[in-house]
Every structure is written in structure tokens, then in C-alpha cells.
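Colleague: the sequence isn't on hand, but the structure is:
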């Protein structure tokens, strides 16, 4: 989390009209007050109050000053589900016994957004008695916890987090054997040993090179040589060990990897120097070999860091199935069990709003489920008795019972998860090509070295060894091998940090080269919610006043239309509504300021009096004398849709909308976004045909959709981009996922992709030019091995540092843009401003 | 020149000490979290400092 929080004092994430803790809207009446650091703060509900006061009780009131984002809203029930983890069948999977009564587990903590969150979570865990160790990684949202089982338990720890609003999920115990943690620790140690060793070796060698040869007798020379040997030995035997191990692995599988010439060179220089030192010869290069190892390790270390960071962020996606299920016993009672315990044939009960735990057949009469996860279709679908429900879909109305058919890895959800994993494991084409080139190169280097040695042995045997060594070292194609992976991993990490998760790294090429973007409309350019776009007020009333009156009625209802009207004036003081009556499917009736008002469909609002024709689609506010105002609602554009479209057009990309919706709706959205090229009533096959036609004309197309129902469509594009919000697994068939529903990240992502390709090419050119220039010189004997080692290491370093530039330019520009923007408008400001004004 | 006979062993001892100290630090999670500790000084009243062992 690069963005950190302690910018200024005061809770800047709780606007006056919103909850102090979670930033959500406050209810109209019966406000709850939480006391934080002696101050009275309005909160939106009982759970938020409990969380805020709990955080205060932990002595962490300053969290509210330091955080970078509002806190997660705590859920009411959390304790009940937490108890499931205590069942031995599940505990076995998620808790590791460290012996002497200590237990260890790895949690994924949802809602961790900044360093202040990390601090709160850490402190909340430490406040539990018996907690021994907590280690949290903010980027991957993971917490490793060690506790004494005699004093506390996993459910109590989860409960401690739930009380302050963080939902934690234990991960498989296998994840605990944290390979990466070990890898990064030992890499850091190896790097530092090599650094110290190289530094000292250079000092001792400096005496030999720079000192006055006359004043240096043989004894002193040998003393410094053996000192060099002393410090170079741990560098070669300890720090360079990964190269030897890698070379062994390569040889075993009969491949020629990067590590082979490196290991060969390190071993050859070290052993030869040792022999020369014993004989009293001239070719002693202990400092050279130390520097060589040190620079190589720097390259490896930077690459490893970039790799870890990238996988940290993508890992967080892979956890969607619920951890527990309610199994119905023979006598009809419910028993809460872990999902792992479910067997085919079990009868499972799912409450409304719950997640289906396993694939199964519906036993209840009917229900509606949200299968956005699998189909991308955000509208709930109806299922009748005997039809199949899939794991991971959300039950919209219920409750229902189902009979489990497939569990665990056999479910459709597991299939998708595996697809994602496979896509991530696949090496990008770019990297594969780089590797192939490098391994061909290695073979040539080895042949060239042998040829050089043979040729010199013929002419001047005394120089054969030094020249061969120089060729081996100088031409070692490390820079070549690093060029691609370093740039790609850096790009993935930069993109991931901006919420652009690249599932298939090949997409970077396609992203950079795209000429067309085809957007789906519903759920992509628009949000699922409605919004008020126009108010027609009658009778000399201002539209703002009319809106306020309507909102006073609307906030009493949960209907989407009512919510849209209420949301149109969030902060204004509203007149009180009394005698509220809800009429399902029609509207709301209430008394405001002594007169009876009706808000709803035209025939309801006017009580059957002749409705004027133009009010057909609108929502009407009326009293006994007639209509007061008409409200026109429309789908709400994503706040950043306009910015995203403009930015893409500025990059010279042709933007198109292809939607299955009616022409009228599509046109409305296209006009608001300023897109001329739109197509309505497009079936998936039409969209596919459109993509195919575009591609035939030589266009390279990015398709942006909201999920997997456009899977075939997305699949037909050069690059498929999905917007992930909620139904996170939507990325299954897309190449890139925009997480958090941020469309505006698309254009910068293109820019970063283009930059990546440019830098990649620079890197390859540089590596090629370096080798071309250095090898002949080395073969002719002009390059002493020390210089060769330095040259090779520096060339690798140049490649790595060059790759680190990816994303820097765009970040700098954005910071400047932020500073230039007037206070109070963020970069989304422009679109949010023009909305409710009528 | 005789001073070298003191200084060189001394430098080696310091080198070994520095490496040992660094290894200790890595093994005790001093480098595992580079973000949160920067916020701790801003926290006025730590009820229980997160010290392990």
C-alpha cells in the first residue's frame, strides 16, 4: 500500500452526513451515537457503534485520523459462523499445531485497506489474551497468528476481528508453509552477505591494484590475496548457492538455462583464483567473483520482489465459496458444518442472501439466484424444483433446501478457479520467447568460450585462461534473460497496484496495440442502480424543492426507484413524513407539512385521474390538487465512465458501445458519454460478428464487459477486459480484470502496457548491443576478467533499473495533475456534479 | 605497516558482527513489515505495544 494515511488530522473519511465508522449514510432518525476519544460521533447502526467503541477501547482512536479509507461495515452475525472453525474436521485443515499448546493459522482479512487498518487489526489480535505473534501483510491482506490454545481459540480471534468490522477467513494450513516468506528472507541474507563480501574483497584487491608495486613484497601480496579468499568464500559458497542449484536443475532436465554459464563462471573464477594464489601466479580474481555474484543477486532480488508483489494482489481473488453450510439432519434440525464435510446426498439449507455452498438440486418449490459468478448475468434467475443450483451463486429470495450433488473440486466454481490458476501459471509468450533466445545464446557462449580457450592455447597458452574466462563472464546473457521477465513482472505489479489485474500476461501486448474498444453497456458503462436524471416540476415549485418533498417520502421505501430519489438529495434536511403507507408495486403515500402526498406510478399518484401521456415512464409526485412534479430516472453511469471514454479517445482509440438493450436506452447513455458509434439490440452472436468484422479490417480490439455472460464475446476480442465488483470470478474468461469497478484505469493501463513494450525492446537491444561489443574484445584478450565481471553485472543492472521505470512517468504526471486540480474536486468531480441538477 | 595486523583482523570481526546482526534482524521479522511501524509514533496511547516474545 503505497498510499499512506497520516496526511492531516481529523477523520476526513466521514463527511458530516455519514457514519463516523463506515462512511455509509446515516438513518434519518434514531441516530446512534458512539463515544470515540471522548467525542460524540454519529454512526449508522448498532454494529458500527460497537466497532467504533471497541476500537476506542483498544486505545486506537487515532486510527480514524490515520486511515486512508473508511472502515468496513461490521456484519451483525459473525460469531455464529466463527464457531465452525473449531470443529476438528475443519480445524485440521486450517490450524497448525506448533506443539507445546501453541497453534498457528493464516487468515485472509477482508477490509484491510491501508496501514492504519493493519495496525488496528494487529492491535485487536494482540488484545486477546494468549496471542503470541501476529504478522500482517497489508498488500495480500494476510495475517499469520500464533496463539496458546489454552487461553484463546480461533473462533474468539475471528470474533475479535468481526467486532471491529473485519471479516477474517482462515486459509488452508498448507498455505502456512509460506514458501515466499522463506524465499525472500534467504534472498535478503544472501544479498547482504554478497554485498559485504564484495565490498571487503574490493578493499583488499585495491591494495594490490593501486599500491606501489615496489613497496609490496610477495608476503604482503599473498596476505591480501588470502584475505580476499577469506571474504570471497562465503560469497561463493553461500550467496551464489542459488545459481549452483539452478544450474544443477537445468542440467538434470538437459536444458541450458541462465544459471549454467553463471555457475560455471563463478566456480571457474573461484577455483582458478585459488590455484593461482597457491602457485603465486597472476590471475587471482576473488574480488571479481564477489562483485559478479553481488550484482547478479541484486538483479534477482529486484525481480523476486516484483514477482511477490504481483502475486500478492492476484491471490486475494481466489476465495469465494462460503466456509460453512447448514446441513439438515434427519429430524429436520439444522447443523452447521464446514463445506468440506458436505457429502453428495446431504440436504442443505440456505438462508436468503446466503451463498450456495455446493452444486445441488433444488428441493424447495422455487427460488431466485444470482449466478453472476458463473454467467455474468447480473439479473437473478429463477430456478424451480429439480433444477440445479451452482456453488457460489447467491440466493436472492429464500430460504431453500437443496440436495448436494457435487462438492469440493468437482463443482463448477472449482472449475473456474482452476481455470484462473492455470491462466496465472501459464508463462507469457513474451517470457517464453525470451527464455528460448537466452538458452540458444547460452549454448553459443559456451562454444565461444571453448573456441577462445583453444585458439589462445595455440598462440599463447599463458593468456588462454584469462581470455576464456573473460568471454564466459562478459557474454553471459544474464541481461538477455532478465530483460523480459523483469519488465513483465514490473508491469504486472504496477498495474495490479492500480486495480488492473492481468490474468493473462500476454494481454499486455494486446492492450498496448489496441485500436478499438467495444464496451458493453449494462453493468459496464452503467451501474446496476437507477438515478434521477430530470425533474419536471409544476406549479411554480423549484425542482430542488420538489425533489426534497419526494425524497421525504422515498426514503421510507426500499424500492430501487425510491432509493434513487432519496439518493438524489443525500445531505439536504428533509421535511418529516407522517402517516406513511406503502403500496407494493405502486408507490408511497404520506403526509408532509399537513398535506397528503403520493409518490409513485402515474395512476397511483393521481388516483386514477387522467394521467397525461408524457408521464408514462416517469415517477410522479402528486397531491389532491394534481401532479407536482415528474421524475425521470435512468441507469446511473459509472462515475468514471466519461473520464475513461475521453481518455481512451484522446489516445486515439475508437470507442464503440454494443449492447443488447433497447435503442432508446443505449442512445441515452451514448449521448451522455459523447460516443457516436453505438449499436443496440445486439445478441451475443451480433457482437461476435462485429468483433470479427473489425478484426478482419486489421483492427485490434479490446472488449470490455461485466462478466462471463459475454464470455464468448470477450473471447472473440484481442483483449478481454472484465469489470469485477462482487462477482469476482468474472475474470475467468477475461484477460484483464478491472477490480473495484474502476473503468478509468483502462486508459492508463494501456499507457503502461505501451511503456512496458517500449522498455522491453530497449532492454533487449541494450543486451544485444552489449554482448556484440564485449564478446569480440574479450575473445581477443583485451578485457581482464575483473572488468568482464563488472561489465556483465552492470549490464544486468541496467536492464533491471530500466524496467523499474515502468509506471514512474504516469505516476508523476498524475501527481502533478492532482496538485493542479482545485481543492474539492477530485478527478471524478466533473461527472458527479452535473447529475441531479434539472 | 604493523598497524595493519590490528586493523585487518578488526575489520573482519566487525564484518562478521554486522552480518550476524543483520541475520538476527531478518530472522526476527524486522524486515517483514515496512509500512505499519512508520505509523506507530503517531499513535498517542498504545495500550499494548505489539512486542513479540
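Modeller: Done, it's in. What you see is a predicted model, and the numbers here were worked out from it, not measured in a lab.
Colleague: give me every residue in the stretch 151-300 of chain A lying close to chain B.
Modeller: Residues of the stretch 151-300 of chain A that fall close to chain B, judged by CB under 8 Å from any CB of the partner chain: A:181, A:185, A:188, A:189, A:192, A:193, A:196, A:200, A:220, A:227, A:230, A:231. To be clear about C-beta, it is placed using only N, CA and C from the backbone, and glycine gets the same treatment.
Colleague: quick check: residue A:628 vs chain B, distance?
Modeller: 53 Å (CB to the nearest CB, to the nearest Å).
Colleague: secondary structure element holding that residue?
Modeller: strand A:626-637 (DSSP states H and E).
Colleague: next secondary structure after that strand?
Modeller: helix A:641-650.
Colleague: show me what whichever strand or helix holds residue A:55 is packed up against.
Modeller: For residue A:55, the host element (DSSP H and E) is helix A:46-57. Applying 3 or more CB pairs under 8 Å, 6 or more residues apart in numbering or on different chains; DSSP states H and E, one finds that helix A:46-57 contacts strand A:32-36, strand A:39-43, helix A:115-127, helix A:154-163.
Colleague: tell me the most buried of these?
Modeller: helix A:115-127 (a mean of 24; mean count of other CB atoms under 10 Å in any protein chain shown).
Colleague: which pair in the residues of the stretch 151-300 of chain A next to chain B spans the largest distance?
Modeller: A:181 and A:220 (45.9 Å; CB to CB).
Colleague: returning to that earlier point: what angle sits between the strand holding residue A:628 and helix A:641-650?
Modeller: Angle of strand A:626-637 versus helix A:641-650, following axes from the mean of the first three to the mean of the last three CA atoms, to 10 degrees, is 40 degrees.
Colleague: quick one: buried residues of strand A:626-637?
Modeller: Neighbour counts over strand A:626-637 (16 or more other CB atoms under 10 Å in any protein chain shown) mark A:627, A:628, A:629, A:630, A:631, A:633, A:634, A:635, A:636, A:637 as buried.
Colleague: next: stretch A:750-768.
Modeller: For stretch A:750-768, a neighbour-count test (16+ other CB under 10 Å) marks A:750-757, A:759-760, A:762-764, A:766-768 as buried.
Colleague: show me which of those residues is closest to chain B.
Modeller: residue A:752 (23.3 Å; CB to the nearest CB).
Colleague: the closest one: what secondary structure?
Modeller: With DSSP: H, G, I helix; E, B strand; the rest coil as the basis, residue A:752 sits in helix.
Colleague: that one touches residue A:807, doesn't it?
Modeller: Yes. Contact criterion CB atoms under 8 Å: residue A:752 and residue A:807 qualify, at 5.6 Å.
Colleague: next step: the residues of the stretch 151-300 of chain A next to chain B restricted to helices.
Modeller: Members of those lying in helices (criterion: DSSP state H): A:181, A:185, A:188, A:189, A:192, A:193, A:196, A:200, A:220, A:227, A:230, A:231.
Colleague: now the buried members of those residues.
Modeller: A:181, A:185, A:188, A:189, A:192, A:193, A:196, A:200, A:227, A:230, A:231.
Colleague: a markdown table for those residues, including pLDDT?
Modeller: Listed next are these as a markdown table, based on pLDDT from 0 to 100:
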| residue | pLDDT |
| --- | --- |
| A:181 | 74 |
| A:185 | 87 |
| A:188 | 92 |
| A:189 | 93 |
| A:192 | 94 |
| A:193 | 94 |
| A:196 | 93 |
| A:200 | 91 |
| A:227 | 90 |
| A:230 | 93 |
| A:231 | 93 |
